[in-house]
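Q: need a 3D model of the sequence below.
(chains A and B)
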Amino acid sequence: MAEHLRGLFINYYETAAVILFGIGFTTLLMHRNLLKKIIGFNFMDSGIYLYLAAKGYIAGRLAPIVAEGRTDPARYINPIPTGLVLTGIVVSVSVTAFLLALTCRLYDRFHTLDMDEITRLARKERV
Amino acid sequence: MKSNGLLAALVRFAESGNFREENFTLPPAEKARLDTDTPENRWLASAQHSEKPVSVRFAAWFSKKGMEVFDTLYRIISVFICCTLIGVLLSVVAFLPPFGSAGNPTVNEVVERYVSRAIDETGTTNAVAGMISAYRGFDTLGEAHVLFVAACSVIVLLRVDADARKKGRFIDLEHPGEDMDYEPNSDLVLRKAAKLLVPLAFIFGLYVILNGTSSPGGGFSGGALMGSGLILTSVAFGFRRTERFFGDEMYHLVKTACLTAYALLMAYFIYMGANGFDDHVWLGIPGTILSGGLILPINIAVGFEVACTMYCFYALFRKGGL
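A: Have a look, this model is predicted:
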């Protein structure tokens, strides 16, 4: 148990990322407001970026930009997670814009952002 | 009403304890009496409710009280799920290889290859740019398409007709709508700050795009900077000013041209690479602006596409059209 706790403290970036992910997930589940759900979704994204960036880091090494022609791989950190984070950010921006547009349309239609209220009104409309 | 009669027959049958067959059929006089609207019959009708099967009664109860019960249950279950999720993830983190150590399994021969050979194979000193635009260029092409599709779907969802714009979400500077009434029409501080910052944002965005092969940055980050410059222009000076040089047609032209150019360049890259041909691209001098071969034009195309998409998102949410 003590060993595991030490693991958590050594991997403190990953721990923070996981907690951030958990906070986002909780927000996504517990709030009825659609905007807060989207904010929770973005929290989860941030947790994943932090996790990936932490996985790519190697203590005492430089950013992967070759300087002075020195291409020794032992000098630079891992460039792959950085590229993956870039992909993640772009996809997250796209999905957030799409979700916000859907929320806009729902608000135009039902004049509320409450998820349960929208479900109720939509069901009433269908019957 | 017909079921009422049948029900009465059943009730009487149960009360009498008489199990003969004629009790199931009603005499016509009795049937007529049961079909009329009397207090007794109404009681029978209400009693019918409790005679319904359990599932129907549960549905009736659920429609009345169900939401409260569901809400409480939902909260309890979701707290439980969230705590479990965080617990499971934390226990996984505790077993991960230590943070920042060079011996991690993620640091393998792929990383070695990218860092040591990127400068010869792609002509970039920035290994990340070489990786995302050359080694994993197909992935980045997909990423650009994700942005394109997102912008298209937002246009489909939020586009307002030219006639409806006057009444709806469209905000006209000369005839302020309900949203605009609460905002200053020409904010002096905002305008002065924008005059200073907009050229800087554009120049810095271009700088980041052009130096994407030799310094941190590239198409996506530089494009986001230029997009924020466009957004700042329209916030400070109004949409009329922005529409003069960046309207609907301009947006579609720039965006489609950039994405097509990107796709064609990437198709050439992939075709040549897959068939083992020499792609005859001058890789340039690593560390300068003219380096990285096709990565520089790709960065420029991506940058303009991202700038367009950023501004498109803003304009659509703000006024429902470009």
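
Q: residues in contact with stretch B:68-82?
A: With CB atoms under 8 Å, 6 or more residues apart in numbering or on different chains as the test, stretch B:68-82 has contacts from A:22, A:25-26, A:29-30, B:62. The C-beta positions use only the backbone N, C-alpha and C, and glycine is treated the same way.

Q: hmm, 10 Å instead?
A: A:22-30, A:32, A:116, B:61-62 (CB atoms under 10 Å, 6 or more residues apart in numbering or on different chains).

Q: lowest-confidence one in those residues?
A: Lowest pLDDT of the contacts of stretch B:68-82: B:Phe62, 76.

Q: any stretches of chain B with poor pLDDT?
A: B:1-51, B:161-186 (pLDDT under 70).

Q: what's the single longest helix in it?
A: Longest helix in chain B, counting residues (DSSP state H): helix B:54-94.

Q: distance from the chain centre to that helix, please.
A: 26 Å (CA atoms, centre = their mean, to the nearest Å).

Q: how about stretch B:314-322?
A: 16 Å.

Q: before we move on, the earlier item: would TSV of the contacts of stretch B:68-82 with distance to B:Thr124 and neighbour count be doable?
A: As requested, the contacts of stretch B:68-82 are exported to TSV (distance: CB to CB, whole Å; neighbours: other CB atoms under 10 Å in any protein chain shown):
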residue	distance to B:Thr124	neighbour count
A:Gly22	38	22
A:Ile23	37	17
A:Gly24	34	22
A:Phe25	38	21
A:Thr26	41	19
A:Thr27	39	20
A:Leu28	39	18
A:Leu29	43	17
A:Met30	45	15
A:Arg32	48	15
A:Asp116	52	13
B:Trp61	68	11
B:Phe62	63	12
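
Q: identify, from these, the entry nearest to B:Thr140.
A: A:Gly24 (26.0 Å; CB to CB).

Q: the closest one - that's part of a helix, no?
A: Yes - assessed with DSSP: H, G, I helix; E, B strand; the rest coil, A:Gly24 lies in a helix.

Q: what's the burial count for B:Val54?
A: 7 (other CB atoms under 10 Å in any protein chain shown).

Q: and if you look at B:Leu89?
A: Other residues close to B:Leu89 by other CB under 10 Å number 20.

Q: residue contacts, it?
A: A:14-15, A:17-19, A:21-22, A:25, A:47, A:51.

Q: which parts of chain A are strands?
A: Here chain A has no strands by DSSP state E.

Q: helix or strand with the lowest mean pLDDT in it?
A: helix A:2-10 (a mean of 82; mean pLDDT, DSSP states H and E).

Q: make a markdown table out of the contacts of stretch B:68-82 and add distance to B:Gly238.
A: Output for the contacts of stretch B:68-82, formatted as a markdown table (distance: CB to CB, whole Å):
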| residue | distance to B:Gly238 |
| --- | --- |
| A:Gly22 | 43 |
| A:Ile23 | 39 |
| A:Gly24 | 36 |
| A:Phe25 | 41 |
| A:Thr26 | 41 |
| A:Thr27 | 36 |
| A:Leu28 | 37 |
| A:Leu29 | 41 |
| A:Met30 | 40 |
| A:Arg32 | 36 |
| A:Asp116 | 39 |
| B:Trp61 | 57 |
| B:Phe62 | 54 |
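
Q: past the longest helix of chain B, which element shows up next along the chain?
A: Sequence-wise, the next helix or strand downstream of helix B:54-94 (DSSP states H and E) is helix B:109-121.

Q: by contact count, what packs against that next one?
A: Contact analysis of helix B:109-121 by 3 or more CB pairs under 10 Å, 6 or more residues apart in numbering or on different chains; DSSP states H and E lists helix A:80-110, helix B:127-130 as its packing neighbours.

Q: what angle do helix B:54-94 and the least confident helix or strand of chain A make with each other?
A: Interaxial angle, helix A:2-10 versus helix B:54-94 (axes from the mean of the first three to the mean of the last three CA atoms, to 10 degrees): 80 degrees.

Q: close to chain B, is helix A:2-10?
A: Yes - remark: helix A:2-10 sits within contact range of chain B at A:3-10, by CB under 10 Å from any CB of the partner chain.

Q: excluding chain neighbours, what is closest to the residue nearest the centre of chain A?
A: Chain A has A:Asp45 as the residue nearest its centroid, 0.7 Å off, counting by CA atoms, centre = their mean. Distance criterion CB to CB, 6 or more residues apart in numbering or on different chains; nearest residue to A:Asp45, sequence neighbours excluded, is A:Ser92 at 4.3 Å.

Q: now the contacts of B:Leu89: which count as buried?
A: Buried subset of the contacts of B:Leu89 (neighbour count, 16 or more other CB atoms under 10 Å in any protein chain shown): A:14-15, A:17-18, A:21-22, A:25, A:47, A:51.
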